[in-house]
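Chemist: need the 3D shape of this:
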Amino acid sequence: MLHSLDHVIVAVRELESATDTYARLLGRAPSWRGAHPGQGTANTLFRLTNTYLELLGVVGEGPFASRVRERLERAGEGVVGFAFGTDDADETAAELRARGLPAADPLEGSGTDSTTGAVRRWRNVHLPESATRGVLAFAIEHLSPADALPPARVTVPQVAAVEGLDHVVVRSADPDATRKLYGESLGLRLALDKSFPERKVRLQFFRVGGVTVEVASLLGAAPDPAKPDELWGLAWRVPDADAARARLLEAGFSVSPVRNGNKPGTRVLTVERDTCGVATLVIAPT
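Modeler: Numbering: from 1, shown residues only. Reported below is the predicted structural model:
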């Protein structure tokens, strides 16, 4: 039903500044710069190997702009949502309803690149946030060819550039309810559900299209069904952690030393600030 994590959405206060920040962070030039007519929002897209990043800003008035503005005023910048890829929006909507989620009928959308004039078309299957534990989550069927959104051009040595997304982190105060949402209702594959007493955390890993949705919950805390889930952080893949760290330092970021990752066979570093409110990890193979 859902074959990929199509893209992640980061709400930002100032789109031009955020675009420059993520061009430096990823080591890539934007793939797309466009607007949402009638919605009051504009975006910058960076297409990577396994997903794309959408930076979303408010540029006027509209229903979507009101939602984004409310989020920025309430919680600041950060990851606000993600979209899962599907090949058939109609079948996906029907299947989601059969699984108990009140999916809307597919809604057609389109966008125009402000630089090249290229046009992309898609169909979205929206879900109310009351059914997705407060997270903006939807399914998307692309009607345009894949190359209508070109890969983000690498602007630094390849070994130091971000290749793709490793995982997105969701914080949950009711891990069993979140497990039901992502596993049973959305149909993502649960690869691991494990508690780590020494870290006082329970982690659940859901896999889709080569990307992990990691659900983190505090061990020992009573479930709080009324507290919404929070999209918290992103972990980016690079070929070489040391080369990536040197590049990020040169680009003006504050980063941690490289250390061994929690996952065997990985080395990681943390980008400590200036990421538009997104907790950011960079991960590479040993």
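
Chemist: partners of residue 119 in the sheet?
Modeler: Beta bridges link residue 119 to residue 112, judged by DSSP bridges.

Chemist: thought residue 112 was touching it, still the case?
Modeler: Yes. With contact defined as C-beta atoms under 8 Å, residue 119 and residue 112 form a contacting pair (5.3 Å). Yep, even glycine has a C-beta here, placed from its N, CA and C like the rest.

Chemist: out of the two, which sits in the busier spot?
Modeler: residue 112 (15 against 12; other C-beta atoms under 10 Å).

Chemist: state the pLDDT value of that one.
Modeler: pLDDT recorded at residue 112 is 89.

Chemist: the stretch 101-250 of the chain: strands as residue ranges?
Modeler: 107-112, 119-126, 136-142, 164-171, 189-196, 201-208, 211-218, 230-237 (DSSP state E, counting those that start in this stretch).

Chemist: so which of these is nearest residue 85?
Modeler: strand 136-142 (6.2 Å; C-beta to C-beta).

Chemist: contacts for the closest one?
Modeler: With C-beta atoms under 8 Å, 6 or more residues apart in numbering as the contact definition, strand 136-142 has outside contacts at 2, 6-7, 9, 80-89, 92-93, 96, 103, 106, 120-127, 129, 148, 186.

Chemist: quick one: strands adjacent to it?
Modeler: Sheet pairing of strand 136-142 (DSSP bridges) gives strand 78-85 (parallel), strand 119-126 (antiparallel).

Chemist: mean pLDDT and distance to residue 58 for these - can I get that in JSON lines?
Modeler: Output for those, formatted as JSON lines (pLDDT from 0 to 100; distance: least, C-beta to C-beta, whole Å):
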{"stretch": "strand 78-85", "mean pLDDT": "97", "distance to residue 58": "12"}
{"stretch": "strand 119-126", "mean pLDDT": "96", "distance to residue 58": "19"}
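
Chemist: among the ones you listed, which is the most enclosed?
Modeler: A comparison of those by mean neighbour count, using mean count of other C-beta atoms under 10 Å, puts strand 78-85 on top with a mean of 21.

Chemist: which elements pack onto whichever helix or strand comes after that strand?
Modeler: Moving toward the C-terminus from strand 78-85, the next helix or strand (DSSP states H and E) is helix 89-98. Applying 3 or more C-beta pairs under 8 Å, 6 or more residues apart in numbering; DSSP states H and E, one finds that helix 89-98 contacts strand 119-126, strand 136-142.

Chemist: looking at the ones you listed, which is nearest to residue 240?
Modeler: strand 136-142 (31.8 Å).

Chemist: now do that closest one against strand 164-171, angle only.
Modeler: 150 degrees (axes from the mean of the first three to the mean of the last three C-alpha atoms, to 10 degrees).

Chemist: what mean pLDDT does strand 136-142 get?
Modeler: For strand 136-142, mean pLDDT rounds to 97.

Chemist: ok, stretch 243-256 next?
Modeler: 98.

Chemist: can you start the count at 4 instead of 1 from here on
Modeler: Got it, first residue is 4 now, which makes that one stretch 246-259.

Chemist: and it, which residues are buried?
Modeler: By 16 or more other C-beta atoms under 10 Å, the buried positions in stretch 246-259 come out as 246-248, 250-251, 254, 256, 258.
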